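Student: Give me a 3D structure for the following:
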Amino acid sequence: MNDTEMIINPCRNAGDPELPPNGLLLVNPAEAKAGLHLAKGNGGQQKFLFNSTLVLLPNNGPSGSAFITGPAVGAPMAVLTLEKLIALGARQIIVYGWCGSLSKTLHIGDVLLPTWAKSDEGTSAHYPANARPESHAPTRTTLNKGLTAQGLTTLSGPVWTTDAPYRESVAQVNQLSEQNILGVDMEYAALIAVAAFRKVELTAVLLVSDELWSGKWNPGFRAKDFKKKSKKILHFLVDFCSTL
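Tutor: Predicted structure coming up:
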C-alpha cells in the first residue's frame with residue numbers, strides 16, 4: 001500500500017522547521033543530552049519536536065548545517081522520530097546508539113557499523129521492501145575510515161533487532177551467532193526499513209555496551225573507558241554530519 005491509502009501520513013505542519021538534509025539521530029538519553037548540549041554550545045537553536053528534542057546547527061560556510069535530535073529508544077519511537085525528520089527534510093541520517101555483542105570478535109568499546117538486520121521487532125514489517133534493506137554503503141565506508149583514525153576498533157555486519165531485551169535466551173544468542181550476526185539492538189531493523197521505504201540514506205554507528213556471546217551478560221556501559229569512547233564518537237559524529 002502507498003501513502004494515499006494511509007489514514008495518517010507524516011508531514012511538515014505550519015511552524016515546523018525545515019531541516020537541512022543531513023543530521024544525527026541519537027537513540028539513547030545520555031548521548032542525546034550530551035549531543036544536544038554540544039550542539040547548543042556550537043550555536044545551535046532548539047526547535048520543537050513533539051516526541052524528542054531537536055537542535056539545528058548554524059550554517060558555518062562550506063561545512064554547512066546539520067540537525068541533531070534524540071532520544072528515541074525502541075523501534076516504535078525511533079520510527080516515529082525518523083518519519084517526522086524525513087517529512088521535515090532529512091535525507092542523510094546517521095544513527096548513533098549502543099548494541100550488545102553476539103560474537104567473540106566484538107568486544108565492549110568496539111564499534112559496529114551495521115549492514116542489514118534480522119528483525120524481531122514489530123515495526124519494520126509495516127514498511128515492505130523488494131529487497132533486504134541495508135545501510136548506505138559509501139557513508140559506512142567513510143565512517144569506518146574516520147572512526148578507525150580516531151583509534152577505535154570497528155567491524156561491519158548484520159545485527160538482530162529485538163523489542164524485548166529481557167527475553168534474549170542463550171539458545172537464541174547461540175543460533176544468531178552461528179549465523180554470523182554480530183550484535184543486538186532495539187531500533188536498527190525498523191530504522192533501515194523506513195529509510196529504504198522512504199528512499200533516504202541511513203547509516204548507523206553502534207558502540208558495543210555489553211557482551212552476550214558467552215551465555216552470561218557482561219555489561220560494560222558503566223566503565224570510564226566506555227564513556228570516554230562514547231564521548232569521542234559523539235564529537236566525531238557531530239563534526240561528520242556537518243560535512244555531509
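
Student: Can you pull out the low-pLDDT segments for the protein?
Tutor: 1-3, 60-64 (pLDDT under 70).

Student: Skipping its backbone neighbours, what lies nearest the residue nearest in space to the middle of it in space?
Tutor: In the chain, the residue lying closest to the centroid (C-alpha atoms, centre = their mean) is residue 95, at 2.4 Å. Counting by C-beta to C-beta, 6 or more residues apart in numbering, residue 95 lies nearest to residue 204, which is 4.1 Å off, once chain neighbours are set aside. Yep, even glycine has a C-beta here, placed from its N, CA and C like the rest.

Student: Helix, strand or coil: sort out that neighbour for me.
Tutor: Assigned by DSSP: H, G, I helix; E, B strand; the rest coil, the conformation of residue 204 is strand.

Student: Hmm, it is touching residue 98, no?
Tutor: No. Using C-beta atoms under 8 Å, residue 204 is not in contact with residue 98, being 10.9 Å away.

Student: which of these two has more neighbours?
Tutor: residue 204 (28 against 21; other C-beta atoms under 10 Å).

Student: Mind exporting the C-alpha coordinates of whatever helix or strand residue 98 lives in to PDB?
Tutor: Using DSSP states H and E, residue 98 maps to strand 92-101. Presented in PDB, the C-alpha positions along strand 92-101 are these (Å, rounded to 0.1, in the frame of the first residue of the first chain):
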ATOM      1  CA  GLN A  92      21.100  11.700   5.100                       C
ATOM      2  CA  ILE A  93      20.700  10.400   8.600                       C
ATOM      3  CA  ILE A  94      23.300   8.900  10.900                       C
ATOM      4  CA  VAL A  95      22.100   7.000  13.900                       C
ATOM      5  CA  TYR A  96      24.200   6.600  17.000                       C
ATOM      6  CA  GLY A  97      23.300   4.100  19.700                       C
ATOM      7  CA  TRP A  98      24.600   1.100  21.600                       C
ATOM      8  CA  CYS A  99      24.500  -2.600  20.900                       C
ATOM      9  CA  GLY A 100      25.200  -5.900  22.600                       C
ATOM     10  CA  SER A 101      27.800  -8.300  21.200                       C
END
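
Student: Next secondary structure after it?
Tutor: As assigned by DSSP H and E, the chain's next helix or strand after strand 92-101 is strand 111-120.

Student: For stretch 154-171, measure first residue to last.
Tutor: Counting by C-alpha to C-alpha, to the nearest Å, you get 26 Å between the two ends of stretch 154-171.

Student: May I see the buried residues of that stretch?
Tutor: 154-163, 168 (16 or more other C-beta atoms under 10 Å).

Student: Which two among those residues are spaced furthest apart?
Tutor: Spatial extent of these (C-beta to C-beta) is set by the pair 154 and 163 at 26.7 Å.

Student: What ranges does this protein have for its helices?
Tutor: For the chain, helices defined by DSSP state H occupy the ranges 29-41, 75-87, 137-149, 170-178, 188-198, 224-241.

Student: and these as JSON lines, adding distance to residue 116?
Tutor: Shown next, in JSON lines, are these (distance: least, C-beta to C-beta, whole Å):
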{"stretch": "helix 29-41", "distance to residue 116": "24"}
{"stretch": "helix 75-87", "distance to residue 116": "16"}
{"stretch": "helix 137-149", "distance to residue 116": "11"}
{"stretch": "helix 170-178", "distance to residue 116": "13"}
{"stretch": "helix 188-198", "distance to residue 116": "7"}
{"stretch": "helix 224-241", "distance to residue 116": "21"}
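
Student: Those: which one's closest to residue 117?
Tutor: Using C-beta to C-beta, those put helix 188-198 closest to residue 117, at 3.6 Å.
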